[in-house]
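> what shape does this take:
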Amino acid sequence: MKALVLTEIAKMEIKNIEEPKPLPKEVKIQMKYVGICGTDKHLYQGLPGSATATPPIVLGHENSGVVVEVGHLVESLKVGDRVTVDPNIPCLHCRYCHEGKIHLCENLEAVGVTRNGGMEEFVTVPERCVYKIPDSLSYKAAAMTEPVSCVVHGFQELEIKQHYKTLVIGDGFVGQLFVSLLKARNVGKIYVSGHNEKKIPLLKEIGADVVFDPEKDQIDETFDVIIECVGRPNTQEQAIQMAERGGQILMFGVGDPDTTIQVNAYDVYFKELIIKGAFINPHVMEDAISILDHQVIDVEKLITHELALDEVEAVLSGENKEKITKAVVKIS
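Numbers count the residues shown, from 1 in each chain. As a prediction, the model looks like this:
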């Protein structure tokens, strides 16, 4: 079968590899669509995502497809089922798994990170990580279930009230997902900080009240909830500085593991700030499927590019200079 293999750091090749066979509690999925995520760029560069990807490996953790074979102990799925995949595979026996914090698993594995993912024609996945999708949900939209589920988990980390003034830092795909969910909750006023003027009409269409460029516009506002979706020191520090007293800051953007930021400790104390992280997507895949199926988020409107496998590396390496907010790869 055809697969796009990360053969070494910053190098990918399309190869013909052997089709995988499912283990007794696994299913084999014919891939339809796979999303390209910022995490894939990190993995391509040799940086960790939810775990470290060791070449040779097939990336792709935002997946949808159809079941074509099941292991003999599989009970909940059958050939022909339309599915999406939670890529994260907790061990279920470490301290954090026993406490219900499966996303913090000490032995976490992941499809498209520690084992082959969706940038190939067929992939095998543990039954417990596979979710059926309704016929009304397209494969293209269903491939976005994993990023939507991560955003849902981040949303659940916050206490959101309708009168709160919120700021989303970052006008990319993840920022757009958060804006959509905030709008669905009828949050009072939604601000977005970004740099791309061309995205302003879309951001306002999906729910933003004010869109500003922090390098050009003077915004003397503070916010009850700030969601940082960029992962850079300047935007992370900006998030803390712009928090209202009693404010909540969600650090959702993935930074470089060696990055540090400066925090005014007195502000944290005096404002009684709550600063949280949000790592992957525990227990929310079914919520994300429902959100997509009911078009609480019209996710296909947010996808800007559809690619073939041989176009992926140019995106991950930066050789492709197009303004790609969100790309999916059509596999079959």
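
> what does the strand or helix carrying Thr235 contact?
Using DSSP states H and E, Thr235 falls within helix 233-241. Identification of contacts with helix 233-241 by Cβ atoms under 8 Å, 6 or more residues apart in numbering yields 167, 169-170, 193, 214, 226, 228, 230, 249, 251, 253, 255, 259-264, 267-268, 273, 275. C-beta coordinates here come from the backbone N, C-alpha and C atoms, glycine included.

> so where's the longest strand in the protein?
Criterion DSSP state E: the longest strand present in the chain is strand 26-36.

> buried set for that one?
26-29, 31-36 (16 or more other Cβ atoms under 10 Å).

> now render those as CSV, adding distance to Pro90 and pLDDT.
Shown next, in CSV, are the buried residues of strand 26-36 (distance: Cβ to Cβ, whole Å; pLDDT from 0 to 100):
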residue, distance to Pro90, pLDDT
Glu26, 16, 98
Val27, 18, 98
Lys28, 22, 98
Ile29, 20, 98
Met31, 23, 98
Lys32, 26, 98
Tyr33, 25, 98
Val34, 22, 98
Gly35, 22, 98
Ile36, 24, 98
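
> for Phe178, state which of these is nearest.
Gly35 (16.8 Å; Cβ to Cβ).

> returning to what we had before: of the buried residues of strand 26-36, which is the nearest to His72?
Glu26 (10.3 Å).

> that older thread, in strands, which of the contacts of helix 233-241 fall?
Short answer: the contacts of helix 233-241 in strands (DSSP E) are 167, 169, 193, 226, 228, 249, 251, 275.

> tabulate those residues (JSON lines), appending distance to Ser317, neighbour count and pLDDT.
Output for those, formatted as JSON lines (distance: Cβ to Cβ, whole Å; neighbours: other Cβ atoms under 10 Å; pLDDT from 0 to 100):
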{"residue": "Leu167", "distance to Ser317": "32", "neighbour count": "27", "pLDDT": "98"}
{"residue": "Ile169", "distance to Ser317": "26", "neighbour count": "29", "pLDDT": "98"}
{"residue": "Ser193", "distance to Ser317": "27", "neighbour count": "26", "pLDDT": "98"}
{"residue": "Ile226", "distance to Ser317": "32", "neighbour count": "29", "pLDDT": "98"}
{"residue": "Glu228", "distance to Ser317": "26", "neighbour count": "25", "pLDDT": "98"}
{"residue": "Ile249", "distance to Ser317": "32", "neighbour count": "25", "pLDDT": "98"}
{"residue": "Met251", "distance to Ser317": "27", "neighbour count": "23", "pLDDT": "97"}
{"residue": "Ile275", "distance to Ser317": "33", "neighbour count": "17", "pLDDT": "98"}
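
> quickly check those residues for the two that are furthest apart.
Ser193 and Ile275 (17.6 Å).

> just the helices in the stretch 51-200 of the chain please.
95-98, 139-142, 145-156, 173-184, 200-206 (DSSP state H, counting those that start in this stretch).

> nearest to Val79, of the ones you listed?
helix 139-142 (16.5 Å).

> can you list contacts of that closest one?
32-33, 64-65, 82-84, 133, 289, 292, 299-300, 303, 306, 328.

> what is the nearest of those to Met144?
For the contacts of helix 139-142, the nearest to Met144 is Val299 (4.6 Å; Cβ to Cβ).

> skipping adjacent residues, who's closest to that closest one in space?
Met144 (4.6 Å; Cβ to Cβ, 6 or more residues apart in numbering).

> picking up where we left off before, buried ones in the helix holding Thr235?
235-236, 238-240.

> let's check: the centremost residue of this protein is which one?
In the chain, the residue lying closest to the centroid (Cα atoms, centre = their mean) is Pro147, at 2.9 Å.

> and Asn16, what does it touch?
1-3.

> of these, buried ones?
Ala3.

> before I go, just wanted to say thanks for your time.
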